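Enquirer: everything below, folded, please.
(2 chains)
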There are 2 protein chains.
Amino acid sequence: MDFSKLNGLIPAVIQDGATREVLMVGFMNQAALDKTVETGFATFFSRTRNTLWTKGETSGNRLQVDRILVDCDDDTLLLMVTRLGDGNVCHTGERTCFFRSFEASGGYRESGANSPQS
Amino acid sequence: MDFSKLNGLIPAVIQDGATREVLMVGFMNQAALDKTVETGFATFFSRTRNTLWTKGETSGNRLQVDRILVDCDDDTLLLMVTRLGDGNVCHTGERTCFFRSFEASGGYRESGANSPQS
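Expert: The predicted structure follows:
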């Protein structure tokens, strides 16, 4: 893997292997990737806390890694997972971190005539 | 959106809205996001060429953005798209950039006993 483009990190997209929902995106350094492969549970590098964290280590909502795919230029991973625990991946209690539309997030105050939603 | 965590960039996951395949991950700055919303076609910031690029601008395989979702902490986007042209998103001619397993990419030479694939 090419960790050079983001100062030692690569994005890892987490997708539910059964429903195909995209659940979250985290970042991995080499150690996080190693731990993910060794344990079979998705482990990331926290940019804010500057440490490894295994998703669900406190909540029990771990992500069992069933398959890892690599993109064409070796700088991004796609992890197909099974959700454990109550299956809610987001720290807000939602099933996925992507639970808001761009508009609802306040991204733009008004939709333009040519916006993707028109 | 919070562009501060990656020096002005956020990752954007591209997912086929029909098949739910994850097709690629690109990076957007504010200008790329603005252009994506204005035109309705996925536009990224190229880290290697230091410029905006609209996916498919030369190949014709543009990505029509049907829906944009925002993650819980406003630092990642998920774009649900319709593939135009021949529908092959990867520059290698593959349908998706994630066409190799981690093992096939040479990520690790041998699978350990506790690897996710065991």
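Enquirer: alpha carbons only for contacts and neighbour counts from here, please
Expert: Noted.
Enquirer: chain neighbours aside, what residue packs nearest to A:V65?
Expert: A:V81 (4.5 Å; CA to CA, 6 or more residues apart in numbering or on different chains).
Enquirer: tell me what the host helix or strand of that neighbour is packed against?
Expert: In this assignment (DSSP states H and E), A:V81 forms part of strand A:77-83. Here strand A:77-83 touches strand A:10-16, strand A:63-70, going by 3 or more CA pairs under 8 Å, 6 or more residues apart in numbering or on different chains; DSSP states H and E.
Enquirer: what angle do it and strand A:63-70 make?
Expert: 160 degrees (axes from the mean of the first three to the mean of the last three CA atoms, to 10 degrees).
Enquirer: and after strand A:77-83, which helix or strand comes next?
Expert: By DSSP H and E, the next helix or strand past strand A:77-83 is strand A:100-101.
Enquirer: tell me what that next one is packed against?
Expert: By 3+ CA pairs under 8 Å, 6+ apart, strand A:100-101 packs against strand B:63-70.
Enquirer: just the CA trace of the strand it packs on, in PDB.
Expert: Below are the C-alpha coordinates for strand B:63-70, written out as PDB (Å, rounded to 0.1, in the frame of the first residue of the first chain):
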ATOM      1  CA  LEU B  63     -20.500  10.300 -13.000                       C
ATOM      2  CA  GLN B  64     -23.900  11.900 -12.700                       C
ATOM      3  CA  VAL B  65     -24.500  12.800  -9.100                       C
ATOM      4  CA  ASP B  66     -28.000  11.800  -8.000                       C
ATOM      5  CA  ARG B  67     -27.500  12.300  -4.200                       C
ATOM      6  CA  ILE B  68     -24.900  13.600  -1.800                       C
ATOM      7  CA  LEU B  69     -24.700  12.400   1.800                       C
ATOM      8  CA  VAL B  70     -22.600  13.900   4.500                       C
END
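Enquirer: how far away is the residue lying closest to A:G8 once chain neighbours are set aside from A:C90?
Expert: Nearest non-adjacent residue to A:G8, counting by CA to CA, 6+ apart: A:N29, 5.7 Å away. According to CA to CA, to the nearest Å, A:N29 stands 21 Å off from A:C90.
Enquirer: same question for A:F41.
Expert: Counting by CA to CA - A:F41 and A:C90 are separated by 16 Å.
Enquirer: and the most centrally placed residue in chain A, how close does it get to chain B?
Expert: Geometric centre of chain A, nearest residue: A:V25, 2.3 Å, by CA atoms, centre = their mean. For A:V25, the distance to chain B equals 7 Å [CA to the nearest CA, to the nearest Å].
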